[in-house]
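> please find the sequence and the predicted model below.
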Amino acid sequence: MPAYSGVRRLLGAVLFLLATLAPARAAPTDEPDTVRIGVLAFLGADATIGEWSPVLRRLQDALPGRTVSLVQLDHAGLRDAAAAGDIDFLITNPGHYVELEAELGASRILTLDPGPTRTPERAIGSAVIVKAGNDRLRTLDDLRGKRVAVVSTEVFGGFQTIWRELAAQDIDPQRDFAELKPVGLPMTRVFEAVARGEADAGIVRSCLLESREEWRRGFTVLGARSESDFPCATSTRLYPDWPLATLRHTPTALAKEVTLALLAMSTARDGMEWAVPADYQAVHEMFRELQIGPYAYLREPTLMVLAERYWRWIAAFALLLAAWILYTVRVEHLVHARTAELRAALAAREALEARIRANQEQADHLARLSVLGELSGTLAHELNQPLATIVNYAQSLVRRSDNGRLTDDAVREASSEIAGQAERAAGILGRIRGFAKKRAAVRERVAPAALASEAVALFRGMLANAPEVSIDDTLPAGAIVEVDPLQIQQVLLNLLKNGYDAARGLPRERQRLAIRIGEGAGESAGHACIAVRDRGSGLDATARERLFEPFFTTKPDGLGLGLSICRTIAEAHRGRLTVDGTGEGPGCEFILSLPLGPSASAPPESRTDHAADR
Ligand code: ADP
């Protein structure tokens, strides 16, 4: 109701101005012989003067030589005058008094005595009036959705007291009434509004209805309570009567004089009586419940109030938050679980790969040993020859020494022969050891011809009557392949051994083997092709078909694994191993193709013709 109170405040100021401009009241308050009493006008200006004139008369009598004046003001005007020190005393309704008590230190010295039928403590209530015979309105609850006339929402007996009763029944006048219609002072206007049908009900001070015969006849009181010691119909609890209060600046001696003078008034003589100050606690309780006046601060939103007001939103938000947290925790949990599963799967896969690698290495190793095993039948014989030569030369040296025929030339010749033979034997053993050693797969940049030479040397080193092997390299200078040299040598050794096996027992001429190295064409473009050719028995149709099958062999002591392992090695190097049995002459040709790597910077010899015979 702030707009309304603004208007009231303005009206109060105007009333106060009029009051101070009147000649009888023009004297400033600081003049000691002027006593100014502010009164709340609730019945309109004339009625107010009439109501309080006994007080004026009594004080004028009791305070001779001093001018006593009554200043009629509305709520805001009275407050402003009190705050400005323009009045020495004030008479107002209990609600307004409690507000000014809290705000300006107003202090009651007397309470109006309502006469023999009522006590000062239980003098004021409100009556909700409806037209007599209006059967639709019986209780306060029936006011929902109705138009209700009031003087203003600030008046005590005309609104605030009933507001408390309505609030107790969870009725909010602002919210639940169809209209809360302020009709202004005097309070008689409320009766008029209801009588004219502008409002369904009206709120007035208790006992006002009973003060006029026409009102008693024309209106009834809604929700009337039975209050003992109270002669009028009331819809509310009862509160103390109006007080007369001093202000902070009111001189104590003057207060005392006024108190004594007014206490001496009697209804019989003066038409009104004053009693000692009543207890206004009931008014405080009402204000506290309504959270208005001095207790308006209770309306300021505290955490609890906010929580009560917005609990649905807070609950919804909390639910959402909880759901979100649950969801996040669940996702986290799933991610953790999946990550752990994935890690375990990866670890298992790595372990498996490591096992496969180890097995592969083991298999490679065994395959190499197997080739060596097949060739080693003649190894003892091959080694025997240099050893026998060494023994011969050594014995010859001993004999010559015994005979005294040991010359320097003979010693030199025998020693160099012994050293030569020993080196040959060591060379054979070194190659075999190098080939047979166990190690992890590697990749090295190497010229294909170097691989072929090494394989031929190994091949020939292990055979007593090794056939001749020629190497013809037509690759451009610097051509290299990136391979595991031992594995490629293993392939070449296998091919050489197979060629040797195919020509065993044939004339020496047919036993010759040839290696041709060149760049592939067509499908094999960009590859180095190493072809191993023999002039042996050649391949029949079955052998050609099943050549690379594991365990296919035509040899009584063969395993049939050599070529299948060779093809696996070729494919592991992104190359191929094929056979060509249709070339010139008898026998067949196996071709190993390997992808050429980027050329080496230092070119080896551009073309090499080897009659590898080391
Ligand atoms: P193994 O030598 O133990 O028999 P391989 O897989 O190396 O196993 O050879 C399989 C078969 O292919 C041989 O038994 C042989 O019949 C045939 N073969 C391989 N190379 C030749 C070749 N150069 N000439 C004729 N037959 C060959």
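Structure received.
> from now on I want contacts and neighbour counts done on CA atoms only, so please keep to that.
Will do.
> residues touching the nearest residue to residue 290 once chain neighbours are set aside, list them.
Nearest residue to residue 290 in three dimensions, chain neighbours excluded: residue 164, at 6.4 Å (Cα to Cα, 6 or more residues apart in numbering). Residue 164 makes contacts with 286, 289-290, as judged by Cα atoms under 8 Å, 6 or more residues apart in numbering.
> can you tell me the element residue 164 falls in?
Assessed by DSSP states H and E, residue 164 sits inside helix 161-168.
> and that helix, which residues are buried?
161-166 (16 or more other Cα atoms under 10 Å).
> residue ranges with poor pLDDT in this protein?
Scanning the chain for pLDDT under 70 picks out 1-32, 42-47, 374-382, 438, 581-585, 600-614.
> got the residues of it near the ligand?
498-499, 502, 537-539, 543, 547, 552-555, 558-564, 588 (Cα under 6 Å from any ligand atom).
> please, where are all the helices along the stretch 101-250 of the chain?
161-168, 173-176, 188-195, 213-218 (DSSP state H, counting those that start in this stretch).
> and those helices: which comes nearest residue 489?
Closest to residue 489 of those, according to Cα to Cα: helix 173-176, at 101.6 Å.
> which strands and helices lie in contact with the helix or strand in which residue 326 is found?
Here residue 326, judged by DSSP H and E, is contained in helix 311-375. Contacts defined by 3 or more Cα pairs under 8 Å, 6 or more residues apart in numbering; DSSP states H and E place helix 311-375 against helix 408-436, helix 485-502, helix 562-572.
> beyond that helix, next helix or strand please.
helix 379-403.
> follow-up on the earlier one: any chance of the helices of the stretch 101-250 of the chain in CSV, plus distance to residue 139?
Formatted as CSV, the helices of the stretch 101-250 of the chain follow (distance: least, Cα to Cα, whole Å):
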stretch, distance to residue 139
helix 161-168, 11
helix 173-176, 15
helix 188-195, 17
helix 213-218, 18
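> any idea which of those gets closest to residue 421?
Of the helices of the stretch 101-250 of the chain, nearest to residue 421 by Cα to Cα is helix 173-176, at 123.0 Å.
> need the residues that contact that closest one.
Contacting residues not belonging to helix 173-176 are listed as 144-145, 163, 166, 180 [Cα under 8 Å, 6+ apart].
> quick check: next helix or strand after the helix or strand encompassing residue 253?
Element membership of residue 253, judged by DSSP H and E, is helix 252-263. Downstream of helix 252-263, the first helix or strand assigned by DSSP H and E is helix 267-270.
> what's next to that following helix, contact-wise?
Contacts for helix 267-270 (Cα under 8 Å, 6+ apart): 54, 58, 115, 273.
> alpha carbons only: can I get that helix in PDB?
Taking C-alpha atoms only, helix 267-270 is exported to PDB below (Å, rounded to 0.1, in the frame of the first residue of the first chain):
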ATOM      1  CA  THR A 267     -17.500  11.100  32.200                       C
ATOM      2  CA  ALA A 268     -20.300  12.600  34.200                       C
ATOM      3  CA  ARG A 269     -18.700  16.000  34.200                       C
ATOM      4  CA  ASP A 270     -16.600  16.100  31.000                       C
END
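> other SSEs contacting the next helix or strand after it?
Next along the chain after helix 267-270, taking DSSP H and E as the criterion, comes strand 273-275. Strand 273-275 is packed against strand 107-113, helix 252-263, with contacts defined by 3+ Cα pairs under 8 Å, 6+ apart.
> want to throw these into a markdown table with distance to residue 314 and mean neighbour count?
A markdown table is the format used below for the helices and strands packed on strand 273-275 (distance: least, Cα to Cα, whole Å; neighbours: other Cα atoms under 10 Å):
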| stretch | distance to residue 314 | mean neighbour count |
| --- | --- | --- |
| strand 107-113 | 45 | 23 |
| helix 252-263 | 56 | 16 |
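> turn the ones you listed into CSV, columns for distance to residue 358.
CSV is the format used below for the helices and strands packed on strand 273-275 (distance: least, Cα to Cα, whole Å):
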stretch, distance to residue 358
strand 107-113, 105
helix 252-263, 113
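> show me the contacts for the residue lying closest to residue 94 once chain neighbours are set aside.
Computed as Cα to Cα, 6+ apart, the closest residue to residue 94 that is not its neighbour in sequence is residue 242, at 5.4 Å. Residue 242 sits next to 91-94, 111-112 when contact means Cα under 8 Å, 6+ apart.
> any idea how far residue 242 is from the ligand?
In this view, residue 242 and the ligand are 127 Å apart by Cα to the nearest ligand atom, to the nearest Å.
> need phi/psi at that residue.
Dihedral pair for residue 242: phi -60, psi 140, per degrees, to the nearest 10.
> not counting sequence-adjacent ones, nearest residue to residue 410?
Residue 410's closest residue in space is residue 397 (Cα to Cα, 6+ apart), at 7.7 Å.
> wait, doesn't the one you found sit right on residue 411?
Yes - assessed by Cα atoms under 8 Å, residue 397 is found in contact with residue 411 at 6.8 Å.
> ends of stretch 98-117, how far apart?
25 Å (Cα to Cα, to the nearest Å).
> and the residue in the stretch 151-300 of the chain that the ligand sits nearest to, how close does it get to residue 291?
Closest residue of the stretch 151-300 of the chain to the ligand, Cα to the nearest ligand atom: residue 300 (98.1 Å). Taking Cα to Cα as the measure, residue 300 falls 10 Å from residue 291.
> these two: who's more crowded?
Neighbours per residue, other Cα atoms under 10 Å: of residue 300 and residue 291, the larger number sits with residue 291, 16 against 11.
> ok, now which ones touch that one?
By Cα under 8 Å, 6+ apart, the neighbours of residue 291 are 297-299.
> before we move on, what about residue 40?
Contacts of residue 40 by Cα under 8 Å, 6+ apart are 48, 72-75, 78, 91-93.
> list the ones among the residues you listed that fall in helices.
48, 75, 78 (DSSP state H).
> any idea how far the second one is from the ligand?
Which is residue 75. For residue 75, the distance to the ligand - Cα to the nearest ligand atom - is 121 Å.
> which residues does the residue nearest to that residue when sequence neighbours are not counted form a beta bridge with?
Distances taken as Cα to Cα, 6+ apart put residue 40 closest to residue 75, at 6.5 Å, once the chain neighbours are dropped. Taking DSSP bridges, one finds residue 73 as the beta-bridge partners of residue 40.
> and for residue 478, the neighbour number?
Neighbour count for residue 478, taken as other Cα under 10 Å: 18.
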